[in-house]
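Trainee: Pasting the sequence and the predicted coordinates here, then a few questions.
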Amino acid sequence: MILTTKKGMDRASSDVGLIFTVYKLRRIFNLVRPEMLKEYLRAILCRILAISDLDLLQKTGQYF
């Protein structure tokens, strides 16, 4: 049914990918306590920001 709503396999494939992503996120939300999920997402965000800061420092040539 999804394949018939879109023209072309690429667009239908992206729709299927989005549907699977939402399905997996809903499963995670149902399995994990909200506090634990918040803590995990906070840790991921801190790591991403730390990596981006290091990348910015390397590009500008400024080191500690």
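Mentor: Alright, I've got the coordinates.

Trainee: just the helices in this protein please.
Mentor: 2-5, 9-31, 34-60 (DSSP state H).

Trainee: Adding mean neighbour count and mean pLDDT, write those helices out as JSON lines.
Mentor: All C-beta spots, glycine's among them, are computed from the backbone N, C-alpha and C. Formatted as JSON lines, the helices of the chain follow (neighbours: other CB atoms under 10 Å; pLDDT from 0 to 100):
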{"stretch": "helix 2-5", "mean neighbour count": "10", "mean pLDDT": "50"}
{"stretch": "helix 9-31", "mean neighbour count": "11", "mean pLDDT": "85"}
{"stretch": "helix 34-60", "mean neighbour count": "10", "mean pLDDT": "84"}
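
Trainee: OK, contacts around Lys24?
Mentor: By CB atoms under 8 Å, 6 or more residues apart in numbering, the contact set of Lys24 is empty.

Trainee: Residue ranges of each domain in the protein, please.
Mentor: The chain breaks down into these domains under automatic domain parsing: 1-31, 33-64.

Trainee: And the spatially most central residue of the chain, how far from Ile51?
Mentor: Among the residues of the chain, the one closest to the centroid is Thr21, at 9.3 Å (CA atoms, centre = their mean). Relative to Ile51, Thr21 is positioned 23 Å away (CB to CB, to the nearest Å).

Trainee: repeat for Val32
Mentor: Taking CB to CB, one finds Val32 at 24 Å from Ile51.

Trainee: do Ala43 as well
Mentor: 13 Å.

Trainee: Find residues that contact each of those two.
Mentor: Counting by CB under 8 Å, 6+ apart, nothing touches both Ala43 and Ile51.
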